[in-house]
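# pasted the sequence and its predicted model underneath.
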Amino acid sequence: MTPRLLITGATGFLGVSGVHHARAVGVEVHAVAREGRSFASSTAFAHSLDLFDTERVRVKLAKIQPTHLLHLAWIATPGVYWTSPDNERWRIASRMLLSTFAELGGHRVVIAGTCAEYDWTGNGVCQEYQTPTQPTTPYGAAKNSLRVWAEDFGHSQCLSLAWPRLFFLYGPREHPARLVPSVTNALLAGQPAECTAGTQDRDFLHVDDAAAALVQLVLSDVTGPVNIGSGEAVSVKTVVETIADIVGRPDLLRLGAKPMPPNDPPLLVADVGRLRNEVKWAPRIGLRRGLEDTVAWWRERNAG
C-alpha cells in the first residue's frame, strides 16, 4: 500500500523541499499550510488549514485518512521564535494534531525537533542518547516538552514515532533575516555585510539534504531522536567568506563588525551515527555547492 503522507508547514522553508522529495519517491502527498499561502505547482494534494482550529483539523484528517505524518509547522520567524509565546500554542496544537492522527488510524509519525533541545554547555558534539536535553529558550523547551509527551503517547497508542533534531539549515527560500541570505543579499546589492568574528563552529546542512533525510526517515521504521545534520563542524567565518568569494565581493565582508552573542557556544555539531547507520542516509550537497545554489537563487530572485 502506498503511504499517504500528510506534511504540515508544506509551503515553508523546509516544507517545499519535503513535498518535492516525498513525491519523487512515489508517496501520495497531502500538503498542508495555513490559508493564504501559495502551494508549489507540483503539489499533488494541497490543503489550506489552520492547525489551531481543532475541529477543522479533525474534519480534514478524517477526509484524508493519512497513514504517515511529517509535522514541520511551527513558528520560525528570526528574532521572534526563540522567545515567542506562540511556542506554547504550537506545543498544544501539535499534541491535538497527533492525537487526532492516531485516533483516525495513522501509524507513522515524524515531528521536527531542534538541536536547541540539547544542553549547549558541554563539549559541543550532540549525541541523541548521551547529550542531556536542557533547553534554555521557550522554543527549545516547547519542542522538548512535546517530544517527552509524544514519546509516551506514541508508546500507549502503538505509534511508530521518530523525532529528528534539526541543526543549522540554509538554502533557497530561507527567511532573508537569517545569516546566509542576509550576507548574500547585502553583497549582491554591493553593500557591506557586517558579521561577528565568525569563530563559532556550526553544523550546516542544505535544506534539500535535510528534506531528503526527513522523507527517508518517515518511510523507515527508525524511532526515537535522530540528529539531522552534516556531522561536520564549519566556522561561521568560513561560511560567510565562501559566500563573499562566490559573489565576488570579499572586500565588502566586515568580520568582527558585530559583537558575538552572549553565551554563544563555540561548537555545535551533530553526531550523525544514527542517521548514517540506521536511516542509511548521508548528505549529498557539499557546503560550496550548496552556497553556490543559494546565491544563484537569491541573484535570480533579486533580478526579478
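Structure received. Numbering: from 1, shown residues only.

# what segments of the stretch 51-200 of the chain are strands?
68-71, 108-111, 113-114, 125-126, 160-166, 168-170, 193-194 (DSSP state E, counting those that start in this stretch).

# contacts only, for the closest residue to Leu146 other than its chain neighbours.
Distance criterion Cβ to Cβ, 6 or more residues apart in numbering; nearest residue to Leu146, sequence neighbours excluded, is Arg91 at 4.9 Å. Any C-beta I mention is one placed from the backbone N, CA and C, and that applies to glycine too. Each residue near Arg91 by Cβ atoms under 8 Å, 6 or more residues apart in numbering is listed here: Ala142, Lys143, Ser145, Leu146.

# Serialize the residues you listed to a markdown table and add fields for neighbour count.
Output for those, formatted as a markdown table (neighbours: other Cβ atoms under 10 Å):
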| residue | neighbour count |
| --- | --- |
| Ala142 | 27 |
| Lys143 | 27 |
| Ser145 | 16 |
| Leu146 | 25 |
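
# which among those gets closest to Gly106?
Leu146 (16.8 Å; Cβ to Cβ).

# identify the residues contacting the closest one.
Residues in contact with Leu146 (Cβ under 8 Å, 6+ apart) are Arg91, Ser94, Arg95, Ile111.

# do you know how far it is from Tyr139?
11 Å (Cβ to Cβ, to the nearest Å).

# just checking, which of the contacts of Leu146 belong to helices?
Among those, DSSP state H puts Arg91, Ser94, Arg95 in helices.

# quick one: those as a markdown table, columns for distance to Ala197 and pLDDT too.
As requested, the ones in helices among the contacts of Leu146 are arranged in a markdown table below (distance: Cβ to Cβ, whole Å; pLDDT from 0 to 100):
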| residue | distance to Ala197 | pLDDT |
| --- | --- | --- |
| Arg91 | 35 | 98 |
| Ser94 | 37 | 98 |
| Arg95 | 41 | 98 |
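
# pretty sure Ala112 contacts Ala162?
No: counting by Cβ atoms under 8 Å, Ala112 does not reach Ala162; the two are 10.3 Å apart.

# what pLDDT does Arg34 get?
Per-residue confidence for Arg34 comes out at a pLDDT of 89.

# once you drop chain neighbours, what's closest to it?
Asp50 (5.8 Å).

# just Val207 next, same as before
Distance criterion Cβ to Cβ, 6+ apart; nearest residue to Val207, sequence neighbours excluded, is Gly171 at 3.5 Å.

# where's that neighbour relative to Trp120, distance?
Where Trp120 is concerned, Gly171 sits at a distance of 24 Å (Cβ to Cβ).

# then Asn185?
In terms of Cβ to Cβ, Asn185 sits 29 Å off from Trp120.

# burial count for Ala46?
Using other Cβ atoms under 10 Å, the number of residues around Ala46 comes to 18.

# where is the longest helix in the chain?
For the chain, the helix that runs over the most residues, judged by DSSP H, is helix 138-157.

# how is the protein divided into domains?
With domains defined by automatic domain parsing, the chain comprises 4-170+206-229+270-284, 179-200+234-267+293-303.

# Phe13: how many residues sit nearby?
The burial count for Phe13: 21, using other Cβ under 10 Å.

# that one and Ala210, how far apart?
Distance from Phe13 to Ala210, by Cβ to Cβ: 10 Å.

# looking at this structure, which helix or strand is least sure?
strand 45-48 (a mean of 93; mean pLDDT, DSSP states H and E).

# picking that back up, quick one: the residue nearest to Arg34 and Arg37 touch, right?
No: between Asp50 and Arg37 there is no contact under Cβ under 8 Å: 11.2 Å.

# hang on, the earlier thing: who touches the least confident helix or strand of the chain?
Outside strand 45-48, the residues touching it (Cβ under 8 Å, 6+ apart) are 10, 28-37, 39, 60, 64.

# hang on, the earlier thing: what is in contact with Phe13 and Ala210 at once?
Leu169.

# residues contacting the nearest residue in space to Trp149 that is not next to it in sequence?
Among residues not flanking Trp149 along the chain, Arg95 sits closest, at 6.3 Å (Cβ to Cβ, 6+ apart). Counting by Cβ under 8 Å, 6+ apart, Arg95 makes contact with Leu146, Trp149, Ala150, Phe153.

# how close does the last one get to Gly36?
Translated: Phe153. Following Cβ to Cβ, the distance that separates Phe153 from Gly36 is 31 Å.

# one more: the third one?
Here the distance between Ala150 and Gly36 works out to 28 Å (Cβ to Cβ).

# low-scoring stretches of the stretch 151-300 of the chain, by residue?
By pLDDT under 70, the stretch 151-300 of the chain has no low-scoring segment.

# the helices in it, which residues?
179-188, 207-218, 236-247, 273-277, 287-303 (DSSP state H, counting those that start in this stretch).

# list the buried residues for the fourth one?
Buried residues in helix 273-277, counting neighbours by 16 or more other Cβ atoms under 10 Å, are found at Arg274, Leu275.
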